[in-house]
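Trainee: Sequence first, predicted coordinates after that:
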Amino acid sequence: MRPQNHCAVPAALVAIEWAWLSGRPEMAAAPIERILRYDGRGLQARHRGEVQRWLRRLGEPFEDFPDCPEVFATGYRGEWRAAAGAWQRVGAPYHQAVELLDSGDVDGTMMALQIFDSLGAGPAVHLARSRLRDLGLSQLPRGPKPTTRANPAGLTDRQVEILTMLSSGSTNAEIAARLVVSVRTVDHHVSAVLQKLGLKSRRQAARAAAAFGLVATDENARRLASAASG
């Protein structure tokens, strides 16, 4: 019988991440040991890959293995650009930012800070700012305005408005007409919304709008259901 690790392993991974975020890597030793006890006894590849990634991140010996998911394998091999890109492709901006934070590169770390800021990930923001200071930057950008923090994923008020209209199935031209702006301006807003949310399409944006509770009317809900079912 396989060990019942479906709860214990994720909980241990959360403890490891918190140890890293809080700057107390020694606190990760016990949860890492708990997870490694499962290795070879039914540990899922994604969990095994994730713990190997954390081992490398914490400066501990790690093990490559053939069926490791790309998002973890590229990370523990030190290929931070590929790892960040892999997380971006699966729509996971927080994990994308964590890989960028590990880059040791000023531009990559700055991008990580921007993503963490947009997500309202306070402990990660603090860590990113500390890494940037270690890299020699003394003047760091301020965080988003309070109104931005109150919105989903750090979207501005206008971007929330755009996302809501996307959920109704409105085209960029229709949105431009309603907001009395150019279509090109709307194009830029839509691109920014998709990038901030780590999405690839308007259909995914419609689903995100529903998750954020931004579908305001019955008609919007019907259009969203139609878009999301396609």
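Mentor: Nice, I can see it.

Trainee: separation between L43 and R37?
Mentor: Distance, L43 to R37, by Cβ to Cβ, to the nearest Å: 9 Å. The way it works is simple: take the backbone N, C-alpha and C, and place the C-beta from them, glycine included.

Trainee: of the two, who's got more company?
Mentor: Between L43 and R37, L43 has the larger neighbour count (other Cβ atoms under 10 Å), namely 19 against 13.

Trainee: Quick check: the more buried one touching A8?
Mentor: No - in this structure, L43 is not within contact of A8 by Cβ atoms under 8 Å, at 10.7 Å.

Trainee: Give me the neighbour count for V193.
Mentor: Neighbours of V193 under the rule other Cβ under 10 Å: 24.

Trainee: and it, what helix or strand is that in?
Mentor: In the assignment (DSSP states H and E), V193 maps to helix 183-197.

Trainee: With just CA atoms, put whichever helix or strand comes after that helix into CSV.
Mentor: Following helix 183-197 in sequence order, the next helix or strand is helix 202-211 (DSSP H and E). What follows is helix 202-211, C-alpha atoms only, in CSV (Å, rounded to 0.1, in the frame of the first residue of the first chain):
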residue,chain,number,x,y,z
ARG,A,202,-9.2,36.3,-23.4
ARG,A,203,-11.0,33.1,-22.6
GLN,A,204,-8.7,32.5,-19.6
ALA,A,205,-9.3,36.2,-18.6
ALA,A,206,-13.0,35.5,-18.6
ARG,A,207,-12.5,32.6,-16.2
ALA,A,208,-10.3,34.8,-14.0
ALA,A,209,-12.9,37.5,-13.9
ALA,A,210,-15.4,34.9,-12.7
ALA,A,211,-13.0,33.8,-10.0
